[in-house]
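Visitor: Sharing a sequence plus its predicted fold:
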Amino acid sequence: MSPSFGGVPMLGSNNTSDTWHDQPISIQRFEGDSSYLKIMGFRILRDNRTDDRKAIWLNETAMQAMELPDSASYCEYFKCPIAGIVQDFRYRDLTHPAEPCIIEHMQDNYWPWACIIQLTNLDSPVTLRTIERVYREYTGGMPCEYKTYDEVMHQQYAAQQRMSNILFGFTLVAILISALGILAMATYFIRQRSMEIAVRKVFGSTNREVLQRLVLHFVRYVLAAFVIAVPVIWYLMHDWLSQYVLRIPLSWTIFALAGLTALAIAVATVFGQSWRAANSNPVDAIKR
């Protein structure tokens, strides 16, 4: 267990805003005991191995913001030794970049904001009841309110998850409507061209040639729609991804896979109608 006075990532922190070398600087401050770094899983890049309880840990961005070299052992801004450097971490969601952060050792006379407890078995009711009992003993009977980090992360990205589910649903509906539209268009087109198909077969066209000609006719429409859609989709996706600091690159393989998927759906949709038309008896079409 680790008590935290200055908050924990994703749940809040203290902020210090000032100027340094005539430049504005804003630093997030976290405070915890000696086990705070280990429980939170911060990756230590350099440990100065100091026993000074006033020493602070800085993340990489804080070192850059205060123009400190990697070998620095004293922080002039906070007037205290440097305990070491930790890798940049994000105390908010991924729409925010890594910001300057420091981790201080919590003083003995401070009351913590929260207690961070690392459990090996969260589902154990005995463990949770024990935590609640000890908490009430130390707080004079106050109720124990807790959250797991899984719940915190879920709340942070609940909006994105809802958006993902909505887009997935609309995508399925759009694919279904498009497939039905292509099927209706294929049925109408083939009926309109039934006489032409019959004449071609009478003059020696094979079933394969007729089938290929019909399918390629619709493939051209799909390819034209793909060429028009790619710039629009690229612009919308680029604009949406720009709000995230960490994001996937818009590789051409994404668009190629989407195009091949659309092509496969279109071909599968019109293939049945085209196959029946190509294998039909031309005499029946001429009689009609």
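Guide: Noted; the coordinates are in hand.
Visitor: before we move on, which element is residue 263 in?
Guide: Following DSSP states H and E, one finds residue 263 within helix 252-278.
Visitor: Quick one: residues contacting residue 154.
Guide: residue 161 (CB atoms under 8 Å, 6 or more residues apart in numbering). Where you see a C-beta, it was placed from the backbone N, CA and C, and this is true even at glycine.
Visitor: Flag the shaky bits of the stretch 1-150 of the chain, pLDDT-wise.
Guide: Applying pLDDT under 70 to the stretch 1-150 of the chain flags residues 1-7, 10-13, 121-123.
Visitor: now with 50?
Guide: 5 (pLDDT under 50).
Visitor: thinking again about what came up before, so what's the gap between the helix holding residue 263 and the chain middle?
Guide: Centre-to-centre, helix 252-278 and its host chain are 29 Å apart (CA atoms, centre = their mean, to the nearest Å).
Visitor: Please name every helix or strand in contact with it.
Guide: Judged by 3 or more CB pairs under 8 Å, 6 or more residues apart in numbering; DSSP states H and E, the packing partners of helix 252-278 are helix 158-192, helix 194-202, helix 207-241.
Visitor: burial measure for residue 274, as a count.
Guide: 24 (other CB atoms under 10 Å).
Visitor: Which pLDDT value goes with it?
Guide: With respect to pLDDT, residue 274 scores 78.
Visitor: Going forward, count from 162.
Guide: Let's use 162 as the start, then, which means that last one is residue 435.
Visitor: Quick check: closest non-adjacent residue to it.
Guide: residue 375 (3.9 Å; CB to CB, 6 or more residues apart in numbering).
Visitor: Settle this for me: that neighbour is touching residue 351, isn't it.
Guide: Yes - using CB atoms under 8 Å, residue 375 is in contact with residue 351, at 6.8 Å.
Visitor: residues bridging contact with the two, i.e. touching both?
Guide: Joint contacts of residue 375 and residue 351 (CB under 8 Å, 6+ apart) are 358, 435, 438.
Visitor: Quickly name whichever of these is closest to residue 346.
Guide: Residue 346 lies nearest to residue 435 out of the shared contacts of residue 375 and residue 351, by CB to CB, at 12.0 Å.
Visitor: Isn't the closest one up against residue 372?
Guide: Yes - counting by CB under 8 Å, residue 435 touches residue 372, with 5.4 Å between them.
Visitor: follow-up on the earlier one: now the helix holding residue 424 against helix 368-402, angle please.
Guide: 150 degrees (axes from the mean of the first three to the mean of the last three CA atoms, to 10 degrees).
Visitor: okay, the angle between helix 413-439 and helix 355-363?
Guide: Using the same axes, to 10 degrees: helix 413-439 against helix 355-363 is 80 degrees.
Visitor: Any buried residues in helix 413-439, and which?
Guide: Using 16 or more other CB atoms under 10 Å as the test for burial, helix 413-439 gives 416, 420, 423, 426-428, 430-431, 434-435, 438-439.
Visitor: From residue 404, how far out is residue 324?
Guide: From residue 324 across to residue 404, the span is 12 Å (CB to CB, to the nearest Å).
Visitor: now residue 356
Guide: As judged by CB to CB, residue 356 and residue 404 stand 56 Å apart.
Visitor: element containing residue 290?
Guide: In this assignment (DSSP H and E), residue 290 forms part of helix 286-300.
Visitor: Just the CA atoms of the helix or strand just after that helix, as PDB, please.
Guide: Next helix or strand after helix 286-300 toward the C-terminus (DSSP H and E): helix 310-317. What follows is helix 310-317, C-alpha atoms only, in PDB (Å, rounded to 0.1, in the frame of the first residue of the first chain):
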ATOM      1  CA  TYR A 310      -7.500   1.500 -12.200                       C
ATOM      2  CA  ASP A 311      -9.400  -0.600 -14.700                       C
ATOM      3  CA  GLU A 312     -12.500   1.300 -13.900                       C
ATOM      4  CA  VAL A 313     -10.700   4.600 -14.000                       C
ATOM      5  CA  MET A 314      -9.300   3.900 -17.400                       C
ATOM      6  CA  HIS A 315     -12.700   2.700 -18.600                       C
ATOM      7  CA  GLN A 316     -14.200   6.000 -17.500                       C
ATOM      8  CA  GLN A 317     -11.400   8.000 -19.200                       C
END
